[in-house]
Structure formats: C-alpha cells, structure tokens
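Undergrad: Sequence unavailable; structure follows:
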C-alpha cells in the first residue's frame, strides 16, 4: 500500500469536517481533496485540522473560489486520489450512488467508502457492482456505525449460533448543536411516523426547530429503514430483512447520549440454547468517532482488496476493517 | 466454493466431538475424516452427530481398527479433504504447529483452522507462513473464542479510537463434567501460579481432582498467556503485548458460567474522550459454541482466501469470519 494514502473527503458538512480532524491523528493517510456543494479545494501536501475550523467558521468560501461543479473539479484530480470518503447527505437515495457512478464513468479507478444508511440507497449502490468491477474500483458501503461497526459486530456475534432469530440495534446520539448536522437530522426526521424523505428534505430550519421544541430536542425513532438488514441478509446472518430492527434516540440539545448504543443478536446454539450476544459502545464516544473510525478502517481494507485484484461493491459485513495508523 | 466442504476434524476430544454435533446443522460442510491418538476413520458421505455419541461412549475404538499413526492415515486422504479443523490439545506448544507442518510437508494443499490459545504456540504457527505460501495453503490461527471471536471484536471496537489503551478479556466457562475436556483443563491449570505447561501435562487425573476439590471445582486464572495479545499487535490495535490481558473463571462442576464473558477495549477518541466499548457473550452459550462457531466461520473465510490465491498463515483478527450455512 502506498503511503500516505491520498484521500478525497467528499462532503464538507459536520462529518466531513470531523474526518479532517480525525485524519490529523493518522500518519498513513492525508486529505488531499475537499469537496462540497459550491466549493472544492485540492492540496497535494494535505489539509490539516485547521481547515475544519476554517470551514466551520467560513463555510465553503474557506475552500477558495466558488465552484459550480465540485464533483467535476474532483474528477479533474482523479489520478491524484487513492480513496474517496463519501460524507455526503443520504437523501435523496439516488444521491450518493449517483456521485459514485459519475466519478467512475469519468474514468476514476480507486476506492470508495460511504456511511450510507438507508436500505434503498444501498440497493442502488450494490447495483453499481458490475460497473465498479469493470473500472477496477472497490466500494465498501454502509461502513459507518450503523450500518457498519454494529452490523459487523452482528456478523461476529452470529458465529456462536446455528440459527439467528433477530438483531436489534438501539442507538443513542447526542449533538450539542444540531446546526452542524443539518443533513443528518433531516434524514432522521424522515424516519418519523407521518414523515417521508421528501417531506423532511423540504423542511425549513425554522420548521425543524419547531418540531424539536415539541420533544425537548429529542427524536425517538423506531423501525427505521436502515441497511443493516440488507447487509446482514447478504452475508447470511439473517434470512429476512424484518429480522433486523434499528431504532434509537437523538438528543439535539446535549452532547450526552440519551441512551447507550447497543447491538443485540439473539439466536440458538447447536445445543439448542437460546441466548444473546451484545456489543455496547461507550457513552463517551461520539457519532463522528463511531462513524468515521470504522469508515477509515474499511477504506484501508478497500485498498487492500483492490491491491489483490478484488473489485466491486461490498458491504461492511463482508470484511474486517483494518486499523489505519 | 465447492459444496459441501469436506472437513477433517483433527482431534476427537470434547471439542472435536462437539464439532461433529455442530456440523450436523450445516448443509455447506460435512466431516469426512476423524483423527485422534490411536484412531482414524474416513467416510466420504460424511459422519453424523451419532458418531460423536459413539466416540463418547466407546472412545477411539468407535473409529474402527486402532491406528498407530493417525496423522499418517489422514495424510493418505489428503486429496479428499478441503479443510482441516484442528481440535487438538494446545500442549505442548510445538504440537499443533508440528502437525500442520507435517501435513503440509506431505503434500497437502488446503486450509487449516485452529483454536490455538498460547502466544508461543501461535508464534510457531506464524513461522510456518512461508512454507504454507509455497504449498498454496491457508491457515487461520487463533480462530476460537479467545483468541478468535473476542479478539476480532476488539479489532472492531478499536475503530472508534485513535489510541487504544488496553484490551481486557474476562471469560467464564462452565463444564458439568471435566472428564470430556481433560486437555483443556490441564492447559488451564498450567496458567496457575506455580504451575507450568510441563507440570500440568504430567498431572494424573487424581491429582487434578484433588486440586479442583480445593476450590470447589473452580479455577480462577489471571494474566494468562493468551495469543489475543499477539493477534492484536499484529494488526496494529495495540503496540505492546502487555496492553492485552486475559483471565477468567472455569467452573468444572457446573454447566452454568461462573462469570459473564466480556471483551472490554478502552481508548481515546480523536476528540480526546476516553471510553470503553464492550462485547458481551450470552451466558447460555457454551464454550463449544463460542469456539467452534467462529472456527467454522473462519474455515469458510480461509477457503475464500485460498480461492483468490491469497496464501499463508493469518490471524483471526485479520479477517471477518464468514457464515457457514
């Protein structure tokens, strides 16, 4: 593997900026390209954590001259980028798969990692498998926290059982200032009863403020459409999508997690004993740490696969993330 | 992958017999060869769970005519075996690596999976890497519960942190009748203060009974020499072996686990928050389920690697186990 790995962070919202801060701790990789709606910047030496602060204060203008087509600008540097970390909004479902398709169609050959959440969006990503194989690309999809870290933990947990009954993921996220995660919160609102992806996307900030005020800033979501189901079905942990449930509580007014994030897998052993294994995330770990850490571990794995001539679109449940140093 | 996978169970003690029972639930694999000190049997149709009962009641005689060199007999069938599941005693350290070396030297080309426990034994296994590459073999070592399931869970847990402080594994095992796990218990006694591998190996059953009587049948072990440390160092989760501790309690008089089995990884996130992720095994799951389930998942992964021309000796922390159906 060539070091340092040259990464493009595609999407400079809360997660993208956190990626800059996290990668400042790593020797094996650097961020050479930054891409957002209306802004693009390239630096072969690599951006540092201060860029994240500049973006936070100055928005896309901190990236320099405005750019009409930032993905087009990124494509221009395609030969200088080993891996693309997609920290783009999940909505609409076609958005992230569409960006990947456009970049591959433009002749990029490298790896992609995303923290895609919705089942339907992931189905669109898997539909690109043949195209990515032909282009000698690797994508690992659903490589964040859930799906990602927790669905991979379910694959491990499943090993002890000959029959898996169900997988239940219950997450807690605390964000002190939701302003930094506008897209994420709109995506979560779309899971509420009576809301849709389209309705949530169209809400103004004032409407979201009003909705959050009703519940003291907390959003409780049940039976979310989360691609953990698809990823666990793909590797044979469950037969049916409805054996996997995902829900949780987001507190938009406190950095403290309102509930502990847990993956519980229940099954029956070969001796006929019913039991549950659990993977529990420490309350002090942020959403950004639990999404981006795994995403970067899977990014290193994607490069490992590509070096061995193994191409295509894979789920985070298919491979162990590596440790990016 | 050719199905069903033809497996040799090498070692027909408690774990080997449990493997027969577990594999009776699987369509993708069958046990075609059974090997123990003084006994060998081959059946291309595959052995069923009843063979385990016969072995339990009749010992090796249930395998048919006595055999002086059972590994030699297995080597004779090397072309009819896709994968070798090593359920051999861990002691002495040279034993399992020696069996692998002999089988490879005799011209076998296939995969091995073991549930090796001791760090020094695993170092000997890794020393076979070049030999296995040349023979187009794959071995995944330390592929049981600890090391195995729990060390792989530590690799996942590590993803959320930029610095890992420590990994603590604390296991509970309950075995109603230690007679079925004579080798395992001798191996555990060797970890007690004042005991060595050699001393434990030489103990008579009566001496072990007397030792267990002193502690009401329970063995509490701390700072065990367990290869989780080596496996986690190899993939970069920890820098030093002493950052990983393994200990636990074995109750030899009850099938109930005396303590819950837990892997706790403590580290610091990129935001500077110290926290711990935990992987907790359900109390109703037996040692056999937690060792053999992962071992068979890694066996499928080893075949996957071999099909892609990736050969050598790997640790269970390097790959995700697959789901054997």
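TA: The structure has been received and is ready for your questions. Note that the structure is a prediction, hence the values are computed from the model and not measured.
Undergrad: give me the low-pLDDT residue ranges for the stretch 1-150 of chain A?
TA: A:1-2 (pLDDT under 70).
Undergrad: what about the helices in it?
TA: Taking DSSP state H, counting those that start in this stretch as the test, the helices found in the stretch 1-150 of chain A are A:14-23, A:49-58, A:70-76, A:95-105, A:119-126, A:129-134, A:149-158.
Undergrad: quick one, the second one and helix A:14-23 angle?
TA: In other words, helix A:49-58. Inter-element angle recorded for helix A:49-58 and helix A:14-23: 160 degrees (by axes from the mean of the first three to the mean of the last three C-alpha atoms, to 10 degrees).
Undergrad: Quick one: list the elements packing against helix A:49-58.
TA: helix A:14-23, strand A:29-36 (3 or more C-beta pairs under 8 Å, 6 or more residues apart in numbering or on different chains; DSSP states H and E). Backbone N, C-alpha and C define where each C-beta goes, glycine included.
Undergrad: Let's have those in a markdown table, adding distance to chain B.
TA: Rendered in a markdown table, the data for those read as follows (distance: least, C-beta to the nearest C-beta, whole Å):
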| stretch | distance to chain B |
| --- | --- |
| helix A:14-23 | 4 |
| strand A:29-36 | 12 |
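Undergrad: how about the residues of the stretch 101-250 of chain A that lie near chain B?
TA: A:149, A:152-153, A:155-162, A:235-237 (C-beta under 8 Å from any C-beta of the partner chain).
Undergrad: Could you give the average pLDDT over the lengthiest helix in chain A?
TA: Longest among the helix segments of chain A by residue count, using DSSP state H, is helix A:287-307. What helix A:287-307 shows for mean pLDDT is 97.
Undergrad: what does stretch A:202-209 give?
TA: 90.
Undergrad: contact partners of it?
TA: Applying C-beta atoms under 8 Å, 6 or more residues apart in numbering or on different chains, the contact partners of stretch A:202-209 are A:178, A:182, A:185-186, A:189, A:211.
Undergrad: Which of those sits closest to residue A:229?
TA: Using C-beta to C-beta, residue A:189 comes nearest to residue A:229 of the contacts of stretch A:202-209, at 20.7 Å.
Undergrad: Wait, that closest one touches residue A:214, no?
TA: No: under the criterion of C-beta atoms under 8 Å, residue A:189 makes no contact with residue A:214, lying 11.9 Å away.
Undergrad: More neighbours: which of the two?
TA: residue A:189 (22 against 8; other C-beta atoms under 10 Å in any protein chain shown).
Undergrad: measure the more buried one to chain B for me?
TA: 26 Å (C-beta to the nearest C-beta, to the nearest Å).
Undergrad: so the residue nearest to that residue when sequence neighbours are not counted, which of the three states?
TA: Distance criterion C-beta to C-beta, 6 or more residues apart in numbering or on different chains; nearest residue to residue A:189, sequence neighbours excluded, is residue A:200 at 4.4 Å. Secondary structure, DSSP: H, G, I helix; E, B strand; the rest coil: residue A:200 is helix.
Undergrad: circling back to that earlier point, buried residues in the longest helix of chain A, which are they?
TA: A:287-306 (16 or more other C-beta atoms under 10 Å in any protein chain shown).
Undergrad: can you check stretch A:223-233 too?
TA: A:224-233.
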